[in-house]
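# build me a model:
(2 chains)
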Amino acid sequence: MNKKIFSYIDSKPSIVHENGILSGKSISIQPNMSVRGWPTEAGSKALERFVALEDATVIENLRTAGATIKGSTHMSELSFGLIGDTGAQAVATGEVDIALMTDSMGEARIAASSKNLFGFKPSFGIISRYGLIGLIPSMECYGIVANTPMDIANVMGAIAGIDDRDYSMPDSILPDFGRFEDCKKWGTCGVIAECADVLEPSQSKAFTAALSRLGETGMAIREVSLKDFDLFRAAHNVIGSVEASSSCGKYDSVRYGHRAQSARNWNEMYLKSRAESFGLLVKTYLFQGAYYQFENYETFENACRIRAQLMEDMEALYETIDVLIVPTQKRNDSQNETNTIDGVYDAFDLTLPANMTGQPAIHVPGSLFGRETDPGLQFVAPRLGDMRLLSIADHLMTVREGDS
Amino acid sequence: MDYEAVIGLEIHAQLNSETKMFCSCPNRPGDEPNRNTCPICLWMPGAIPKFSEHVLEKATLAALALNCEVQKHNAFDQKVYYYPDLPKGFQLSQFHKPLAKNGWVDITTEDGIPKKIGIHQVHMEEDVAKLVHETEGRIPISLVDFNRAGTPLIEIVSEPDIRSPYEAMEYIKALRTQIRYVGSADCSMEQGSMRVDANISIRPKGSDQFNTKVEVKNMNSIHHVGDAIAYEINRQKGRLNAGESIVLHTRLWDPEKRITSAMRGKFEGPCVPDPSVPQILLSNEWLENLMSQLPEMPSQKVERFVREYGLPYDEGVLMSSERDLSEYFEAVVEEGISPRTAVHWMTSQLMPAVRERNQTISNTPVTPRRLSELLAMLDRDEINAKSARDVLLKLFESDERPDVIVKKYGFKQVSDVDELEVLVETILSANPDAVDDFKSGVAKAMGFLIGQAMQASRGKANPKLIRDILTKKLG
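Residues are numbered from 1 along each chain as shown, chains lettered A, B, ... in the order given. Next up, the predicted model:
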């Protein structure tokens, strides 16, 4: 197996169940998902030599369903952005069938879009985050990259569910992941006009082509408006960095992780250890979050208000449509320029609204609408409407297979 | 110039819940270091806090005991600061949406005037780890004990309604009584389960402005709070009279030198809503159920004791000052002892003996039933008061019934008139001077003779009969 793709490979993966829903399926995870005894450094020196103490709930559930967890891919530092992440590559190269990723602004969808794969972000709060070493608690969840909607639905069936160890999960009636729904029920798609406006000309053309292809499959498409769509990005940037700053408070080098040598007192030990632990991108993000916490709290409060308003606005759109269509990316290659905060947000500004509102979203690859190099489409549904999206994706795949 | 003090108190009380606030570790900070810890309270990566409903109940009961309006929607914030006793770089506390607001407790001022001290808010907060500073050879080292990390506290913030050290002490006592009544916390300053910080400013009498305040910490008894406030008021008066101004800062009380001194400014971090602990929404049923668990509170109890048992007001206050004391008192009365006799024996004999033995009213072997049996024998004249006091002390040492002890040690009162007449004759012939004194009108000679007779009977004679016989013989 490939060391360029995997940071850790399980030499003897255990298979708990021969006849489970995921038996025969191989899965990669990221090194911020706890597996007892596995190195769990989350791509950061802040967790240097950290080995997980127990299994994440999701890991237990995957194994119970018969999945083979092959190992951990490489990941971006603390799951911020996609620099260095190899999850989608593991699927694209056939190393695994399914890659589990951390999605706090659209990582699974963007990674999938670059490899012509399906990328799925479930509704917030239906998968236990116990054992996930996260960064932005109010927005992040497990994301799934796979070859087929069926694989995604089966993984969701295995890992979704209320967990006593994750007290932050709201009581929800979970979607039935065992059965695709009839897409005629979810036939009306709304395209947010304000999203189409930000696309580069080439993307815009491909987007229009994909929409007309979608129309040919029998889906009704209409335009809707969300005039403050651009505020999603600004609000995510403020709230995300504040939450990240708090989440990283625990990396103090006292109990685990990298500790700087030769500090003269605890304060110096903190400062030096943290200075040496984080990469520049994460450090900038944390610094930005600390700025809003300590120096500009009012902006943080405004961002929270804007987020609440946007959630309401988004909710209102579903009164006339069943699912939303949003392009996945503004540019085809924007994830390659993610070494600044702005660069990261440029790559994710069309995917992060689903993370801010807790809605499920799926990236459907371009090959289903034209060529593999086409950008594909992102569908977004109301919270708990996960199965609407997977059913539409499955429907589109069936139509495409019928064509060829 | 004539000044008056404006004082507000911030009180932290450790809740006595079984577990910590966000995990199931035992709430026993004093155990062997780092024994009561888990991935959650050590804040290991991937752990998720799980807020304890039991803690919520304890905190809400305390808030209700302080007459607060419980907020049906409250939530945790992160108080951000970095220190080795805080394993995650922030403390979970309630700032923007506290558990309860607008409460009060009743006190009586030094002038005997009833006064309400307002409570601004009551909120929940997790405690931090304990730091132990030692040396290893010549190298100073700091050790962290996480047993206390994540244990539950409530912080009670008073309104600036307090005007004197006396009022401050009365406020703390009243608040402590209320909270102990509902069983939420022990509130012992000496044992560190209650910590009091005082915010003190002064202003010209009659003014209603609020001046710059100074915070005083590190008092470990209620008396120290009074002393520290008194010291600080005088210090500020001295400053102002010398034409200097008061600067906002924190001072530490030094119990040895009995002064306050400035401490290095502490960094106050921001408070950000916590995204991991769900907001707390209390239903009406939940709250009503909790209110139905509230016991009869002290003020109601005093009223009932005065009404039902005919106690004078101050005895009523005394008997209801602690819940277990009031329950003991009522148990004794239930056994048929007159309420005033019960109060008298409990306060003058039982309580001092209990304290001397480091017992409490609820764990002393002198149960209400045993005390009642003893007092019943006294009432029936089977023993006299002196014997009763001796038997009471014996009750602490053995588990025998009072009547068994009376019989065994011969405490039974001598009420046989013939026997006593012989005794009195002996005393009269042995003390002719006292007899002469009495006859010439020295009234206290009678007391002396009674004393002699009691002594001769080794305390067992019925003093009332002795007096009757003496009066008859000398009359």
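
# and the residue of the stretch 151-300 of chain B nearest chain A?
residue B:275 (4.0 Å; CB to the nearest CB). C-betas here are computed from N, CA, C, even on glycine.

# that residue touches residue A:135, doesn't it?
No. With contact defined as CB atoms under 8 Å, residue B:275 does not count as touching residue A:135 (11.1 Å).

# looking at the two, which one has more neighbours?
residue A:135 (28 against 19; other CB atoms under 10 Å in any protein chain shown).

# who touches the more buried one in this structure?
A:78, A:79, A:80, A:102, A:104, A:243, A:244, A:247, A:248 (CB atoms under 8 Å, 6 or more residues apart in numbering or on different chains).

# between the residues you listed, which sits nearest residue B:54?
residue A:247 (27.2 Å; CB to CB).

# what residues does stretch B:93-104 touch?
Under CB under 8 Å, 6+ apart, the answer for stretch B:93-104 is B:59-60, B:63-64, B:66-71, B:73-79, B:116-126, B:154-155, B:271, B:273, B:279-280.

# 7 Å instead?
B:59-60, B:63, B:66-71, B:73-77, B:79, B:116-119, B:121-125, B:271, B:273 (CB atoms under 7 Å, 6 or more residues apart in numbering or on different chains).

# buried ones among those?
B:59-60, B:63, B:66-68, B:70-71, B:74-77, B:79, B:117-119, B:121-125, B:271, B:273 (16 or more other CB atoms under 10 Å in any protein chain shown).

# where does the stretch 101-250 of chain A dip in pLDDT?
A:186 (pLDDT under 70).

# helices of that one, residue ranges please.
Ranges of helices within the stretch 101-250 of chain A are A:107-113, A:149-159, A:193-196, A:201-216, A:231-247, based on DSSP state H, counting those that start in this stretch.

# spatially nearest residue to residue 366 (excluding sequence neighbours)?
No chain was given, so I picked chain A. With CB to CB, 6 or more residues apart in numbering or on different chains as the criterion, residue A:366 has its nearest non-adjacent residue at 3.0 Å, and that residue is residue A:374.

# should've been chain B
Per CB to CB, 6+ apart, closest to residue B:366 is residue B:395, 4.8 Å.

# now do the one you found, the pLDDT please.
pLDDT recorded at residue B:395 is 91.

# so what's residue 177 up against?
Since you didn't name a chain, this refers to chain A. Contacts of residue A:177 by CB under 7 Å, 6+ apart are A:153, A:156, A:157, A:160, A:387.

# you looked at the wrong chain, it should be chain B
By CB under 7 Å, 6+ apart, the neighbours of residue B:177 are B:298, B:321.

# give me the number of residues near the residue lying closest to residue B:37 once chain neighbours are set aside?
The shortest distance from residue B:37 to any non-neighbouring residue, by CB to CB, 6+ apart, is to residue B:146 (4.7 Å). Neighbourhood size, residue B:146 [other CB under 10 Å]: 23.

# longest helix in the chain, please.
Defaulting to chain A. As assigned by DSSP state H, the longest helix anywhere in chain A is helix A:297-317.

# ah, no, chain B please
Chain B, longest helix under DSSP H: helix B:222-241.

# what comes up buried for it?
Per 16+ other CB under 10 Å, helix B:222-241 contains these buried residues: B:222, B:224-233, B:235-236, B:240.

# with distance to chain A and pLDDT added, can I get those residues in a markdown table?
Shown next, in a markdown table, are the buried residues of helix B:222-241 (distance: CB to the nearest CB, whole Å; pLDDT from 0 to 100):
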| residue | distance to chain A | pLDDT |
| --- | --- | --- |
| B:222 | 34 | 95 |
| B:224 | 30 | 95 |
| B:225 | 31 | 96 |
| B:226 | 36 | 96 |
| B:227 | 33 | 95 |
| B:228 | 29 | 96 |
| B:229 | 33 | 96 |
| B:230 | 36 | 95 |
| B:231 | 32 | 95 |
| B:232 | 30 | 95 |
| B:233 | 34 | 95 |
| B:235 | 31 | 94 |
| B:236 | 31 | 94 |
| B:240 | 34 | 90 |
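
# out of the contacts of stretch B:93-104, which sit inside helices?
B:59, B:60, B:63.

# redo those as CSV? Include distance to residue A:360 and pLDDT.
Formatted as CSV, those follow (distance: CB to CB, whole Å; pLDDT from 0 to 100):
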residue, distance to residue A:360, pLDDT
B:59, 37, 98
B:60, 37, 98
B:63, 40, 98
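
# now, among these, which is nearest to chain A?
Out of the ones in helices among the contacts of stretch B:93-104, the member with the shortest distance to chain A (by CB to the nearest CB) is residue B:59, at 17.1 Å.

# isn't the closest one up against residue B:17?
No. Look at residue B:59 against residue B:17 with CB atoms under 7 Å: they stay out of range, at 8.8 Å.

# quick one: contacts of the helix or strand harbouring residue A:28?
Here residue A:28, judged by DSSP states H and E, is contained in strand A:26-29. For strand A:26-29, contacts defined as CB under 7 Å, 6+ apart pick out A:62, A:67-73, A:87, A:90, A:95-100.

# hmm, back to that, pretty sure the residue nearest to residue B:37 sits against residue B:42.
Yes. If you go by CB under 7 Å, residue B:146 and residue B:42 touch, sitting 5.8 Å apart.

# okay, and the common contacts of the two?
In contact with both residue B:146 and residue B:42: residue B:87, using CB under 7 Å, 6+ apart.

# if I look at residue B:23, how far off is chain A?
Applying CB to the nearest CB, to the nearest Å, the value for residue B:23 to chain A is 10 Å.

# same question for residue B:8.
24 Å.

# please, which helix or strand holds that residue?
Residue B:8 belongs to strand B:3-14, assigned by DSSP H and E.

# cool, and residue A:269?
helix A:266-277.

# how about residue B:425?
Going by DSSP H and E, residue B:425 is in helix B:417-430.

# then the helix or strand that that helix is followed by to PDB, C-alphas only?
As assigned by DSSP H and E, the chain's next helix or strand after helix B:417-430 is helix B:432-439. Coordinates of each C-alpha in helix B:432-439 appear next as PDB, following Å, rounded to 0.1, in the frame of the first residue of the first chain:
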ATOM      1  CA  PRO B 432     -25.300  26.100 113.600                       C
ATOM      2  CA  ASP B 433     -23.900  29.300 112.300                       C
ATOM      3  CA  ALA B 434     -25.800  29.100 109.100                       C
ATOM      4  CA  VAL B 435     -29.000  28.400 111.100                       C
ATOM      5  CA  ASP B 436     -28.400  31.500 113.200                       C
ATOM      6  CA  ASP B 437     -27.700  33.600 110.000                       C
ATOM      7  CA  PHE B 438     -31.000  32.500 108.500                       C
ATOM      8  CA  LYS B 439     -33.000  33.200 111.600                       C
END
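
# and whichever helix or strand comes after helix B:432-439, what does it pack onto?
Heading C-terminal from helix B:432-439, the first helix or strand you meet, by DSSP H and E, is helix B:444-456. Packed against helix B:444-456, as judged by 3 or more CB pairs under 7 Å, 6 or more residues apart in numbering or on different chains; DSSP states H and E, are the following elements: helix B:417-430, helix B:432-439, helix B:463-474.

# which residue does the stretch 201-350 of chain A bring closest to chain B?
residue A:249 (2.0 Å).

# so what's that residue closest to, chain neighbours aside?
Nearest to residue A:249 is residue B:89, by CB to CB, 6+ apart, at 2.0 Å.

# count of residues packed around residue B:423?
20.

# how close does it sit to residue B:390?
20 Å (CB to CB, to the nearest Å).

# with residue B:324 instead?
Taken as CB to CB, the span from residue B:324 to residue B:390 is 26 Å.

# perfect, that will be all.
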